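S.K.: Show me the folded form of this:
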Amino acid sequence: MTAKRPSSGLEITRREALSAAGGAWVAASGLQSAMAQEGPAVRIQLDQQALNAVPGDERAGLEVREDTSSTAQDLKARSSPGKTLPIIYLIVGILSLPSIRGVVQEMLRHREYGGVAIDTRTSPANIRSDLTAQADSVVVVRADGSTESVPSTLVTEDFLRRVLRYE
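M.R.: A predicted model of the protein is given here:
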């Protein structure tokens, strides 16, 4: 006859311990790769709907303020009749490429604001609606001053990675 040890409320088998250690390693690896893929620093002029496309966890690290510039006033004046005047914001900070793509796509949905311009002559790059650009297109102004017009269907994360020189 053998005596059984009284059971403590928490018993972990070797298999469970190895599984937990492996899970912690996978989680840490995923966190490290996510941190390594932060994103480029950008300056974006956008309205509330486009701002809502930025995930809350990324929005926490951004500088967000109302844009009262003349270009913001011009965008407000282009707002559809019957709608309340939009608030145009200026955000500055680091965003992931998927978030930048989401914001640009949301900006392109508002055809009354024209197309989108990405000016890479400044640091950080300046992304804004452009009344002179064709709606549903993105105009890229390169560091040397040359321009390229791209249809919205070609605005992918790879495209933005190249344009924003994100490594």
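
S.K.: State the phi and psi torsions of residue 120.
M.R.: phi -100, psi 10 (degrees, to the nearest 10).

S.K.: What's the separation between it and residue 59?
M.R.: To residue 59, residue 120 is 23 Å away according to C-beta to C-beta, to the nearest Å. Backbone N, C-alpha and C define where each C-beta goes, glycine included.

S.K.: Ok, residue 138 next?
M.R.: Distance of residue 138 to residue 59, given as C-beta to C-beta: 23 Å.

S.K.: which of these two has more neighbours?
M.R.: Set residue 138 next to residue 59 and count neighbours by other C-beta atoms under 10 Å: residue 138 wins out with 25 against 15.

S.K.: I'd like to know the beta-bridge partner residues of the more buried one.
M.R.: With DSSP bridges applied, residue 138 shows beta-bridge pairing to residue 116, residue 150.

S.K.: Pretty sure it sits against residue 152.
M.R.: Yes - if you go by C-beta atoms under 8 Å, residue 138 and residue 152 touch, sitting 6.6 Å apart.

S.K.: shared neighbours of the two, which are they?
M.R.: Counting by C-beta atoms under 8 Å, 6 or more residues apart in numbering, the contacts common to residue 138 and residue 152 are residue 108.

S.K.: pLDDT weak spots in this protein?
M.R.: 1-38, 166-167 (pLDDT under 70).

S.K.: Could you give the number of residues near the residue nearest to residue 134 when sequence neighbours are not counted?
M.R.: Leaving aside its sequence neighbours, residue 134 sits nearest to residue 115 (C-beta to C-beta, 6 or more residues apart in numbering; 5.2 Å). Residues contacting residue 115 under the criterion other C-beta under 10 Å number 22.
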